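S.K.: No letters, just coordinates:
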């Protein structure tokens, strides 16, 4: 069983010259920024925002606020079928890996892998399977096994030889808070991640990530205006250094300011009781062009691609493998 499914990892530098590869999931947020006539300007501005935010948070021994720079790589993982004569690869996930460069010493400091999370199977689950289950129903319903296969594939990848040979630490996924939940400020304050919030209930996304073996905590970083959701396994606050956590905050808060400016570029910071909304009018859009409508449309298209090229042709193999693969929930 251990060799039935294997993984192949490739990396692509994410800089102002980045162009999405043919195998890159086109709904990936960073791929969306890298298309069209403004692509290079988009990328240059995004990377500048990331570096500025990093230095803003990393003030220790950094009096001029320019000691560090941040470099990014896109990590692409392909699923490889190796049993029963099958010879097939499928693009499973894409995440970001961070390298922190200390300009004063020349040291290169590994950041946290994960950050942005992109998955074809998740597109299938949310944009194809879930709508099909609820078609014609008056009340929204989620199947009990929703996200099971995706969660097992993700955990199997993290425990694989391919991942462990390349990365020493578990990933941290950082995304926007849910607009369907209310968040309450707690009395806990972390020096790097900021003020912690707790939600009133788990969202569907939280449950989906839980099946990937990931727990969630919410923090409003210093100088930010809205909490970020951090998904992790292990201990978020002790497994990573302050600089590594700052790397994740600087990268993902920047992306969220671009993708969801109504929340992350709002004029007023989150209150003690906070309900994020994309209907907020008091915010400042960034000068970076991003097409949310196109991204939503592509998610459905790529979910169908997953159904046609992974789920249907390999259904029996995947079901047999999943039935034997143990899984831990977050």
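M.R.: Received it, and whenever you're ready, just let me know what you need. Quick caveat: nothing in here was measured; it's all calculated off a predicted structure.

S.K.: Could you use CA atoms for every contact and neighbour count after this?
M.R.: OK.

S.K.: Sketch out the low-pLDDT regions of the stretch 201-330 of the chain for me.
M.R.: When residues are selected by pLDDT under 70, those of the stretch 201-330 of the chain lie in 289-296, 327.

S.K.: ditto for the stretch 1-150 of the chain
M.R.: Checking the stretch 1-150 of the chain against pLDDT under 70 turns up 1-2, 20-38, 83-87.

S.K.: Swap in 50 and give it another go.
M.R.: Where the stretch 1-150 of the chain drops to pLDDT under 50, the residues are 1, 25-27.

S.K.: Strands along that one, start to end?
M.R.: Counting by DSSP state E, counting those that start in this stretch, the stretch 1-150 of the chain has strands at residues 5-14, 68-81, 88-102, 108-110, 114-119.

S.K.: Quick one: the ones you listed as a markdown table, columns for distance to residue 42 too.
M.R.: Shown next, in a markdown table, are the strands of the stretch 1-150 of the chain (distance: least, CA to CA, whole Å):
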| stretch | distance to residue 42 |
| --- | --- |
| strand 5-14 | 12 |
| strand 68-81 | 15 |
| strand 88-102 | 18 |
| strand 108-110 | 25 |
| strand 114-119 | 17 |
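
S.K.: Reformat those as a markdown table; add distance to residue 251 and mean neighbour count.
M.R.: Below are the strands of the stretch 1-150 of the chain laid out as a markdown table (distance: least, CA to CA, whole Å; neighbours: other CA atoms under 10 Å):
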| stretch | distance to residue 251 | mean neighbour count |
| --- | --- | --- |
| strand 5-14 | 12 | 17 |
| strand 68-81 | 9 | 20 |
| strand 88-102 | 9 | 20 |
| strand 108-110 | 14 | 15 |
| strand 114-119 | 8 | 21 |
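
S.K.: among these, which is nearest residue 315?
M.R.: Nearest to residue 315 among the strands of the stretch 1-150 of the chain is strand 68-81; the distance by CA to CA comes to 12.2 Å.

S.K.: That closest one - contacts with which helices or strands?
M.R.: Judged by 3 or more CA pairs under 8 Å, 6 or more residues apart in numbering; DSSP states H and E, the packing partners of strand 68-81 are strand 5-14, helix 39-57, strand 88-102.

S.K.: now the ones you listed in CSV, with distance to residue 71?
M.R.: Converted to CSV, the helices and strands packed on strand 68-81 look like this (distance: least, CA to CA, whole Å):
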stretch, distance to residue 71
strand 5-14, 8
helix 39-57, 8
strand 88-102, 5
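
S.K.: now for the ones you listed, which one comes closest to residue 195?
M.R.: Using CA to CA, the helices and strands packed on strand 68-81 put helix 39-57 closest to residue 195, at 14.1 Å.

S.K.: any idea of the angle that closest one forms with strand 5-14?
M.R.: If you take axes from the mean of the first three to the mean of the last three CA atoms, to 10 degrees, helix 39-57 sits at 90 degrees to strand 5-14.

S.K.: Name the residues that touch helix 39-57?
M.R.: The contact list for helix 39-57 (CA atoms under 8 Å, 6 or more residues apart in numbering) reads 15-17, 33-34, 62, 65-70, 192, 222, 246-247, 249-251, 254-255, 288-289.

S.K.: mind running it again at 7 Å?
M.R.: For helix 39-57, the surrounding residues in contact (CA atoms under 7 Å, 6 or more residues apart in numbering) are 15-17, 33-34, 65-70, 246-247, 250-251, 254, 288-289.

S.K.: Buried ones from those, can you make that a PyMOL selection?
M.R.: Buried residues among the contacts of helix 39-57 (16 or more other CA atoms under 10 Å), as a PyMOL selection:
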select buried, resi 15+16+33+34+65+66+67+68+69+70+246+247+250+251+254+288+289
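
S.K.: Let's see which of the contacts of helix 39-57 end up in helices.
M.R.: Assigned to helices by DSSP state H, the following of those qualify: 33, 246-247, 250-251, 254.

S.K.: Of all pairs in these, which one is the farthest apart?
M.R.: Spatial extent of the ones in helices among the contacts of helix 39-57 (CA to CA) is set by the pair 33 and 246 at 22.6 Å.

S.K.: Residue 164 is in what secondary structure piece?
M.R.: Per DSSP states H and E: residue 164 is located in helix 161-166.

S.K.: Show me which positions of that helix end up buried.
M.R.: Under 16+ other CA under 10 Å, the buried positions of helix 161-166 are residue 163.

S.K.: Distance from it to the middle of the chain?
M.R.: Helix 161-166 has its C-alpha centroid displaced from the chain centroid by 19 Å (CA atoms, centre = their mean, to the nearest Å).

S.K.: which helices and strands sit right next to that helix?
M.R.: strand 5-14 (3 or more CA pairs under 7 Å, 6 or more residues apart in numbering; DSSP states H and E).

S.K.: partners of the strand it packs on in the sheet?
M.R.: In the sheet, strand 5-14 lines up against strand 68-81 (antiparallel) (DSSP bridges).

S.K.: So for residue 177, which of the helices and strands packed on strand 68-81 sits nearest?
M.R.: Across the helices and strands packed on strand 68-81, closest to residue 177 is strand 88-102 (CA to CA), at 18.6 Å.
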